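Student: sequence unknown, structure follows:
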Ligand code: ATP
């Protein structure tokens, strides 16, 4: 039986809880699609940092490099801080170490789950945000400086936009729009920037416009990030694929998760040319950790995204069938009102939701 090695990094807080649910779903899928997932759990996270002084051991990173794909829960704890006072965020280190430049954040509405927006067209929300994940304003991480002293002091963080980094993420978004178009979706990319103010963003826009010419079947537009924040709330059903700089993407990905009810339904993937990490868009949710009520859907859907990525990479379409089976099982669980997650006002536990998916697989 064809087997895939999956490096599993559950992390901290609800990361561990939702990971257990996703692994159960993968195990149940194996006999149905005739594929094996050899999952190996590796240590990483804020708790590990508190205990050992290391958040991402070299052995874990090297296991990630060797695996076919990486499944990641969530990492970080509010009381665990690095020596400089910043949060311990190994997921950022993995993104940089493995050059995972495309942060892919799909969201859609789910029949059976309440939608925060009242407009009936909210039922049609189905979009993907692609966030550049290796440079932009996050280039400043660990490099910021405070100059001068007293009342004359100031802080400097640098935004870095390279031609290579921008072109490859724009190409990724345009290719994604092509793939979506092949499945009946719009085939439209909205580039989100702030080209009216910043040299770096005007440079980004020029590169996007240049790259878009290589994809004549895809329609495109350019938008300013402030206007996008407005339009994503006013008429999110109009969008298909969005591509944007790292910091803007960080903010907008939480905004779009809210459009469909919150972080519990927001999967994500961080994809490079050689490696990819699949993790829910949410964090460790310290406010609900340990209570068994985290919604595992985002993690389960991230596992489905992993199957789609492996399917293309290893020319194994059966894996994509597995991804569709997982999505249908989750859809059925909500549509038939078998479960209603806590973050949607229901009372279904993490285990209840995992069990409903297993039943419907
Ligand atoms: P980070 O800084 O890593 O994003 P955070 O604590 O700021 O972490 P989250 O952990 O994503 O943000 O949590 C934001 C809110 O969403 C919290 O109230 C949390 O309880 C809720 N939340 C996040 N994930 C889930 C989930 N899977 N199920 C239910 N609620 C969730």
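Tutor: Okay, I see it. These figures come from a predicted structure and were not determined experimentally. Numbers count the residues shown, from 1 in each chain.

Student: Tell me the residues of the protein that contact the ligand?
Tutor: Listed as neighbours of the ligand in the chain under the rule Cβ under 6 Å from any ligand atom: 14, 18, 76, 262-264, 282-285, 287-288, 294-295, 298, 343. Any C-beta I mention is one placed from the backbone N, CA and C, and that applies to glycine too.

Student: Look at the closest residue to the ligand within the stretch 151-300 of the chain and give its secondary structure.
Tutor: Nearest residue of the stretch 151-300 of the chain to the ligand: residue 283, at 2.2 Å (Cβ to the nearest ligand atom). Under DSSP: H, G, I helix; E, B strand; the rest coil, the three-state class of residue 283 is coil.

Student: Look up the pLDDT of the residue nearest to it when sequence neighbours are not counted for me, please.
Tutor: Nearest residue to residue 283, sequence neighbours excluded (Cβ to Cβ, 6 or more residues apart in numbering): residue 74, at 5.2 Å. Looking at residue 74, its pLDDT reads 97.

Student: next one: residue 87
Tutor: For residue 87, pLDDT reads 85.

Student: Got phi/psi on the residue of the stretch 151-300 of the chain closest to the ligand?
Tutor: The phi and psi values for residue 283, taken as degrees, to the nearest 10, are phi -100, psi -150.

Student: Can you give me the end-to-end span of stretch 47-60?
Tutor: One end of stretch 47-60 to the other measures 15 Å (Cα to Cα, to the nearest Å).

Student: 39 is where my numbering starts, stick with that
Tutor: Let's use 39 as the start, then, which means that last one is stretch 85-98.

Student: average pLDDT for that stretch?
Tutor: 96.

Student: now stretch 312-324
Tutor: Mean pLDDT, computed over stretch 312-324, is 96.

Student: Would you quantify the distance from the closest residue to the ligand within the stretch 89-238 of the chain to residue 387?
Tutor: Going by Cβ to the nearest ligand atom, the ligand is nearest to residue 114 of the stretch 89-238 of the chain, at 4.9 Å. For residue 114, the distance to residue 387 (Cβ to Cβ, to the nearest Å) stands at 23 Å.

Student: before we move on, what about residue 334?
Tutor: Residue 334 is 10 Å from residue 387, by Cβ to Cβ.

Student: more neighbours, the two?
Tutor: Comparing residue 334 with residue 387 by other Cβ atoms under 10 Å, the one with more neighbours is residue 334, at 29 against 20.

Student: Nearest spatial neighbour of the more buried one, chain-adjacent residues omitted?
Tutor: residue 59 (3.6 Å).

Student: Same question for the helix or strand containing that neighbour: list its buried residues.
Tutor: Secondary structure assignment for residue 59, by DSSP states H and E: helix 52-71. For helix 52-71, the buried set under the neighbour-count rule, 16 or more other Cβ atoms under 10 Å, comprises 52-64, 66-67, 71.

Student: the helices in the chain, which residues?
Tutor: 52-71, 84-90, 96-104, 128-135, 201-220, 237-250, 263-272, 284-297, 335-351, 355-373, 388-398 (DSSP state H).
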